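[1] Return a 3D structure for these sequence lines:
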Amino acid sequence: MVKGYHKDIKDTKKANEVRDKAHEVLVVLVGQLAEEIAQIKRERDVLANGTMVDGDMVEEVIELTEQETECWNRAEDITPQDESEPKEAQVHIHPASILITPTNKVGDAGSGIRIQRVALQDIGQVVKKRPQSSCRVKEKESGFGMPTTERMLETRWANVHFDRHERQIRCAVVTGANKGIGFEICRQLALNKIQVILTARNESRGIEAVKKLNASGVQNVIFHQLDVKDPTSISHLVKFIETHFKKIDILVNNAAVLGIHYVVETLLYSGGQVQIVDKNGDYLPGVIQETYEMGEECLETNYYGTKKVTEALVPLLQLSKSPKIVNVTSSYGQLSHIPNDELKRELDDIDNLTKERINEIIRSFLRDFKAAKLRENGWPLTPSAYKVSKAAINAYTRLMAKELKYILVNCVDPGHVKTDMSFNTGKDVMEGAKGPVMAALLPDEGPSGVYFEQTVIAPF
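    Model prediction:
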């Protein structure tokens, strides 16, 4: 902190010398901070343009933002902690508030330097582009009848308007979002003034998705690579959010795989919807392939991947004033699709069910899958792993809602939507995304631990 006035300084000349000395220090400090922030801002623009793609770039941006944080800390170090002492001239240095107003009111009012707080959006008008640093002196009459010198720092650093308000914007993460419902969820959240981090396993597809949104006029979407099955990938996402956004407000778990392979792309149709139901199971082997490895991957992605991402991001959600978790599910996950009544009752008994027990149920399913005992032991059939994964997600949603009282945790079935999974049959993705987006934007007093059938609460 720089103090340019002391109650013993009554002489105008002395007061002005102190003021000018403090101002010189201020010019140097503000110049250094402005230059550093301008450089960091240029690098961060990579994010705003949606072109930050690979791990090396992630690490580079993280390093730059750590430098930015250090810069903010230095600014705080030279900012007075106690602004309640009007007789001490205090220099407030803020990288986004650098309109300097030295005063020379001598007498009881004291003499010193003030920094006029400037609206963040007006910083571009304060920091001017110029070949070299300079100060312009403008004399005007003060209300006290004495001249007041206003010095506006003009620097060579153009457009230094690093908006600290960016840290306060609402931020959402959407997994599996390079196409289909996930892509549309990103678009609709962004149109609701949410900063969206669109994630996808495939970097090139994720980048193209962001470019497509940007081209349509949706700018507040950026891309970050995420493989929900890979702990390292999840860790990189967490670090990225911690560095750039400090917290998140919304998590939409949309990433999922069907766990089957279509051998013949002409199935049984009724009303335009693919009929993959257990009663047709005897007819499906020739048209649908569902191996043990596919089932294992399906559960690893749909259930364990969702669980890993959620639990990694919960600490950042807890920093939000209005946190929401939305798990995109399916009607295939409803308990009515499970023939085994005992298993059905167990998954519905949320008071006694545990996450450990869900893990045991999944392991039991995989053992029976491998041993070809799914029908014998009352498991759902094709797509069996997908149905079990969504039933597990529904149960997990209810458990997390019990555990995380401060976070609204819900699951949403978007309905039969026109995506790759449905052979592009069904309703438009704009309609399908309405349910998850509605759940993501619920008021704080909204329900938690419920199953939405599109936008209406329905039984599990």
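
[2] Which positions in stretch 344-352 come out as buried?
    344, 346-348 (16 or more other C-beta atoms under 10 Å). For the C-beta atoms, the positions are set from N, CA and C on the backbone; glycine is no exception.

[3] now swap in stretch 446-454 and tell me
    Those buried within stretch 446-454 under the rule 16+ other C-beta under 10 Å are 448-454.

[4] same for the helix or strand hosting R345, what does it pack against?
    Taking DSSP states H and E as the criterion, R345 maps to helix 341-348. Counting contacts by 3 or more C-beta pairs under 8 Å, 6 or more residues apart in numbering; DSSP states H and E, helix 341-348 is packed against helix 355-370, helix 384-403.

[5] how about low-confidence regions in the stretch 351-460 of the chain?
    420-425 (pLDDT under 70).

[6] Mind doing that once more with 90?
    382, 416-428 (pLDDT under 90).

[7] how about the residue nearest to Y451 when sequence neighbours are not counted, what does it touch?
    Setting aside the residues directly before and after it, Y451 is nearest to F460 in space (C-beta to C-beta, 6 or more residues apart in numbering), at 4.9 Å. With contacts defined as C-beta atoms under 8 Å, 6 or more residues apart in numbering, F460 is in contact with 334-335, 348, 394, 398, 451.

[8] The helix or strand that contains F240 packs against which elements?
    F240 is part of helix 231-244 when elements are defined by DSSP H and E. When contacts are defined as 3+ C-beta pairs under 8 Å, 6+ apart, helix 231-244 sits against helix 55-77, strand 171-174, strand 195-200, strand 221-225, helix 306-317.

[9] mind running it again at 10 Å?
    Judged by 3 or more C-beta pairs under 10 Å, 6 or more residues apart in numbering; DSSP states H and E, helix 231-244 is in contact with helix 12-48, helix 55-77, strand 171-174, strand 195-200, strand 221-225, helix 306-317.

[10] List the buried residues of that helix.
    Buried, per 16+ other C-beta under 10 Å, within helix 231-244: 233-234, 236-238, 240-244.

[11] now, which of those residues sits nearest N340?
    I234 (32.6 Å; C-beta to C-beta).

[12] where does the closest one land on pLDDT?
    We have a pLDDT of 98 for I234.

[13] V221: what's it in contact with?
    48, 50, 172, 174, 177, 183, 186-187, 189-190, 194-198, 209-214 (C-beta atoms under 10 Å, 6 or more residues apart in numbering).

[14] An error on my part: the question was meant for V174.
    181-187, 189-190, 194, 196-200, 221, 226, 250-255, 326, 328, 436, 440.

[15] Just list whatever residues bridge to it.
    Beta-bridge partners for V174, by DSSP bridges, are L198, V252.

[16] so where is this structure shaky, pLDDT-wise?
    Ranges of the chain meeting pLDDT under 90: 1-169, 260-289, 382, 416-428.

[17] how deep is G415 tucked in, by neighbour count?
    Per other C-beta atoms under 10 Å, the neighbour tally for G415 reads 17.

[18] Most widely separated two among the contacts of F460?
    Q334 and R398 (13.2 Å).

[19] what's the overlap in contacts for those two?
    451, 460.

[20] Stretch 186-200: end-to-end distance?
    Stretch 186-200 stretches 12 Å from its first residue to its last (C-alpha to C-alpha, to the nearest Å).

[21] Please shift the residue numbers so they start at 230 in all later answers.
    Got it, first residue is 230 now, which makes that one stretch 415-429.

[22] Counting neighbours, which bits of that stretch end up buried?
    Here stretch 415-429 shows 415-419, 423-429 as buried, counting by 16+ other C-beta under 10 Å.

[23] next one: stretch 549-556
    549, 551-556.

[24] quick one: the helices in the stretch 380-529 of the chain?
    409-420, 432-444, 460-473, 521-528 (DSSP state H, counting those that start in this stretch).

[25] what would the ones you listed look like in CSV with distance to T583?
    Shown next, in CSV, are the helices of the stretch 380-529 of the chain (distance: least, C-beta to C-beta, whole Å):
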stretch, distance to T583
helix 409-420, 30
helix 432-444, 35
helix 460-473, 22
helix 521-528, 18
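
[26] Of all these, which one is nearest G655?
    The nearest among the helices of the stretch 380-529 of the chain, by C-beta to C-beta, is helix 409-420 at 10.7 Å.

[27] In terms of secondary structure, what does the closest one contact?
    strand 400-403, strand 424-429, helix 432-444, strand 450-454, strand 479-482, strand 553-557, helix 658-661, helix 663-669.

[28] pull the CA atoms of the first one into CSV?
    Backbone C-alpha positions of strand 400-403 (Å, rounded to 0.1, in the frame of the first residue of the first chain) are rendered in CSV as follows:
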residue,chain,number,x,y,z
CYS,A,400,-20.7,-22.1,-16.0
ALA,A,401,-21.9,-25.5,-17.3
VAL,A,402,-20.1,-28.7,-18.3
VAL,A,403,-21.8,-31.0,-20.8
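
[29] Pretty sure H453 sits against A438.
    No: assessed by C-beta atoms under 10 Å, H453 is found out of contact with A438, at 11.9 Å.

[30] just to revisit the earlier point, with the buried residues of stretch 573-581 in mind, which one is nearest to M523?
    Closest to M523, out of all of the buried residues of stretch 573-581 and judged by C-beta to C-beta, is L576, at 22.6 Å.

[31] which residues touch the closest residue to that closest one other than its chain neighbours?
    The shortest distance from L576 to any non-neighbouring residue, by C-beta to C-beta, 6+ apart, is to A624 (5.0 Å). Each residue near A624 by C-beta under 10 Å, 6+ apart is listed here: 532, 562, 564, 575-579, 582-584, 586-587, 590, 640, 689.

[32] Which of these sits closest to V658?
    Among the contacts of A624, and counting by C-beta to C-beta, the member closest to V658 is C640, at 18.4 Å.

[33] Throw the buried residues of stretch 573-581 into a markdown table and include distance to E519, thanks.
    What follows is the buried residues of stretch 573-581, written out as a markdown table (distance: C-beta to C-beta, whole Å):
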| residue | distance to E519 |
| --- | --- |
| K573 | 22 |
| E575 | 24 |
| L576 | 22 |
| D577 | 26 |
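
[34] Out of these, which comes closest to G524?
    Nearest member of the buried residues of stretch 573-581 to G524, counting by C-beta to C-beta, is L576, at 18.1 Å.

[35] how about the nearest residue to I410, chain neighbours excluded?
    G661 (5.1 Å).

[36] and the gap between the one you found and G534?
    21 Å (C-beta to C-beta, to the nearest Å).

[37] go on, I463?
    9 Å.

[38] ditto for K440
    Applying C-beta to C-beta to K440 and G534 gives a distance of 26 Å.

[39] now swap in M523 and tell me
    Distance from M523 to G534, by C-beta to C-beta: 15 Å.

[40] Between the two, which has more neighbouring residues?
    The neighbour comparison of M523 against G534 (other C-beta under 10 Å) goes to G534, with 26 against 19.
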